[in-house]
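Peer 1: Sequence first, predicted model second:
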Amino acid sequence: MSYFDAASGAPLHPVARQALMASLDEGWADPARLYREGRRARLLLDAAREAAAEAVGCRPDELVFTSSGTRAVHSGIAGALAGRRRVGRHLIVSAVEHSSVLHSADVHEADGGAVRQVAVDRMGVVSASSYAAALRPDTALACLQSANHEVGSEQPVGAVAELCREAGVPLLVDAAQSLGWGRVAGDWSLLTASAHKWGGPSGVGLLVVRKGVRFAAQGPVDERESGRAAGFENLPAIVAAAASLRAVRAEAAQEAVRLRELTERIRARVPESVSDVEVVGDPVRRLPGIVTFSCLYVDGETLLHELDRAGFSVSSGSSCTSSTLTPSHVLKAMGVLSEGNVRVSLPLGTPEEDVERFLAVLPGAVAAVREKLGAPAPAPAPAPATSVREDVLVVDALGKRCPIPVIELAKVIGDVPVGGTVRVLSDDEAARLDIPAWCEMRGQQYVGEEPADRGTAYLVRRVS
């Protein structure tokens, strides 16, 4: 079995396992106590904090350990907003932030705060100028991930941090995906991360608040972790998290080169072996181990099951893998195809032969899913245009979920003359993203959408 979902959770690093077992014997006591066992536990906690702070590039007294990366995000955003309440209640986030950031933004907005969501380009990247335009006199906090968790694109954190610093606005960076590869550049103010992303144990997060940043921890006061993370510290897991972070950093430079070559191989060869595929994310400024692509006419959940049976564990941002049947907010913000989405995120040490086997298995898996769904065969070269009429052909895809509306569109586009229009009726939220993406991939014109008695009508004009 080949595990290709390290962006969700990396396998436990051998160093983390060793540190965890050792600290279970040495670090069980309360580090706040003054007796011998407590002092020993305190030494372990202080050493772990210093190691983590060195990896982050901050002072040890600026870093606290939380019960998860999500908790670090929630606590960091809430504390920073509360600390700057007198300045205002305006929060800036990017459209592709992790759900933990967006959920915090929703809570803030429900409580009367204002939220500005900054758009991204088709690579999933914000521009520094868009953050500059979003800044207001009442902006209390800005948030920006260091690299995207679904497509791997790196964000211009340094440039955004400089703009925020000039405006006197703190910037919180979610570094969960990138911290194992290196420090986050720029003069940021707050930083969060999660140990299970770099091979540490789950249940350990990092929250860094730079000195001078106004911060008011929310919730009941607790004497633990400078009052910013309530509850008894999970010391064995904390020690293992810090030890594994140091270990993966020692391997990072060499592994980055190797994994980047493997993901470049996937990016290049998947479109060659599988028709109607869109590789998404920035091809250059991206994390070494992540590559994401979407396949037309494919049910994402079915494809993941096919790959699982073939021995590959991958992830997906397809709407078909979600109980809400809505596409990934990241892919939606990027305006790229969401159906049949596959995210491959390689853990450290992934053998080259595993990637080669994946590339050999994928075409058959995609073909099997398309056959089950009755997808159209790859289109032949278009015939010369012979007539132009405003004929309209209606496709009723109401009640059908992705990728069926797009499949039905593909089957009938040849039935209208060049210049004719297909009107697709759909109540599937993913159609709003996937039909325009299909048009771009197939060289047809997406006219737009209009209300219908049920669902929405999507208009597509045949160009060739």
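Peer 2: Nice, thanks for sending it over. Since the model is a prediction, treat every value here as computed from it, not as a measurement.
Peer 1: Tell me what Gln117 is bridged to.
Peer 2: Val93 (DSSP bridges).
Peer 1: Surely it and Leu91 touch.
Peer 2: No - the criterion here is C-beta atoms under 8 Å, and Gln117 misses it with Leu91 at 9.5 Å. Using the backbone N, CA and C atoms, a C-beta is placed for each residue, glycine as well.
Peer 1: These two: which has the busier surroundings?
Peer 2: Leu91 (25 against 16; other C-beta atoms under 10 Å).
Peer 1: can you confirm that one is in a helix?
Peer 2: No - counting by DSSP: H, G, I helix; E, B strand; the rest coil, Leu91 is not part of a helix but strand.
Peer 1: how deep is the nearest residue in space to Val73 that is not next to it in sequence tucked in, by neighbour count?
Peer 2: Nearest non-adjacent residue to Val73, counting by C-beta to C-beta, 6 or more residues apart in numbering: Ser100, 4.2 Å away. Ser100: 22 surrounding residues under other C-beta under 10 Å.
Peer 1: ok, back up a step: intersection of neighbour lists for Gln117 and Leu91?
Peer 2: Listed contacts common to Gln117 and Leu91 are Ala105; contacts here mean C-beta atoms under 8 Å, 6 or more residues apart in numbering.
Peer 1: contacting residues around the residue nearest to Val73?
Peer 2: When contacts are counted by C-beta under 8 Å, 6+ apart, Ser100 touches Gly69, Thr70, Val73, His74, Asp174.
Peer 1: Swap in 7 Å and give it another go.
Peer 2: Thr70, Val73, His74 (C-beta atoms under 7 Å, 6 or more residues apart in numbering).
Peer 1: what ranges do the strands span in the stretch 1-150 of the chain?
Peer 2: Per DSSP state E, counting those that start in this stretch, the stretch 1-150 of the chain carries strands over the ranges 2-3, 63-66, 90-94, 114-118, 139-145.
Peer 1: Parallel or antiparallel, list what pairs with the shortest one.
Peer 2: Here strand 2-3 is paired, per DSSP bridges, with strand 312-313 (parallel).
Peer 1: what does the very next helix or strand once past the strand it pairs with contact?
Peer 2: As assigned by DSSP states H and E, the chain's next helix or strand after strand 312-313 is helix 329-334. Helix 329-334 has contacts (C-beta under 7 Å, 6+ apart) with 95-96, 119-120, 122, 124, 148, 150-151, 280, 317, 338, 341, 433.
Peer 1: Same question for stretch 14-29.
Peer 2: Taking C-beta under 7 Å, 6+ apart as the rule, stretch 14-29 contacts 37-38, 40-41, 44, 199-201, 235-237, 239-240, 243-244, 247.
Peer 1: Now with 8 Å, please.
Peer 2: By C-beta under 8 Å, 6+ apart, the residues outside stretch 14-29 that reach it are 35, 37-38, 40-41, 44-45, 199-201, 235-237, 239-244, 246-247.
Peer 1: What of stretch 54-68?
Peer 2: 46, 48-50, 52-53, 72, 75, 179, 183-184, 191, 193-194, 202-211, 225-226, 228-229, 231, 233-234, 238, 241-242, 245-246, 249.
Peer 1: which stretches of the stretch 101-250 of the chain have low pLDDT?
Peer 2: Along the stretch 101-250 of the chain, no part satisfies pLDDT under 70.
Peer 1: where exactly do the helices run in the stretch 251-400 of the chain?
Peer 2: Using DSSP state H, counting those that start in this stretch, the helices of the stretch 251-400 of the chain run over 300-309, 329-334, 352-373.
Peer 1: Now find how far off-centre the shortest one is within its chain.
Peer 2: Yep, that's helix 329-334 we're talking about. Centroid separation between helix 329-334 and its chain, computed with C-alpha atoms, centre = their mean, to the nearest Å, is 10 Å.
Peer 1: go on, the last one?
Peer 2: Centroid displacement of helix 352-373 relative to its chain, using C-alpha atoms, centre = their mean, is 24 Å.
Peer 1: From Ala176, how far out is the spatially most central residue of the chain?
Peer 2: Taking C-alpha atoms, centre = their mean, the centroid of the chain lies closest to His149, which sits 2.5 Å from it. Between His149 and Ala176 the distance is 7 Å, computed by C-beta to C-beta, to the nearest Å.
Peer 1: Likewise for Glu352?
Peer 2: Using C-beta to C-beta, we find Glu352 at a distance of 27 Å from Ala176.
Peer 1: just Glu450 next, same as before
Peer 2: Computed with C-beta to C-beta, the distance linking Glu450 and Ala176 is 40 Å.
Peer 1: How is the protein divided into domains?
Peer 2: Domains of the chain are assigned by automatic domain parsing as 9-248, 252-373, 392-461.
Peer 1: and of the ones you listed, who's closest to Tyr3?
Peer 2: domain 252-373 (4.8 Å; C-beta to C-beta).
Peer 1: how far does the closest one sit from the chain's center?
Peer 2: 14 Å.
Peer 1: what's the span of that domain from first residue to last?
Peer 2: Start-to-end span of domain 252-373 (C-alpha to C-alpha, to the nearest Å) is 42 Å.
Peer 1: go on, stretch 272-292?
Peer 2: End-to-end distance for stretch 272-292: 15 Å, by C-alpha to C-alpha.
Peer 1: Buried residues, that stretch. List them.
Peer 2: Of all the residues in stretch 272-292, those buried under the rule 16 or more other C-beta atoms under 10 Å are 274-282, 286-292.
Peer 1: sorry, back to before: now, of the contacts of stretch 54-68, which are buried?
Peer 2: Listed as buried from the contacts of stretch 54-68 are 48-49, 52-53, 72, 75, 179, 183-184, 191, 193-194, 202-209, 225, 228-229, 233-234, 238, 241-242, 245-246, 249; burial here means 16+ other C-beta under 10 Å.
Peer 1: Next, Val447: phi, psi?
Peer 2: When quoted as degrees, to the nearest 10, the phi and psi of Val447 stand at phi -80, psi -40.
Peer 1: Can you give me the pLDDT of it?
Peer 2: For Val447, the pLDDT comes out at 94.
Peer 1: Can you get me a residue count around the nearest residue to it once chain neighbours are set aside?
Peer 2: In space, and not counting its chain neighbours, Val447 is closest to Leu459: 3.8 Å by C-beta to C-beta, 6+ apart. By other C-beta under 10 Å, 16 other residues sit near Leu459.
Peer 1: Cool, thanks, talk later.
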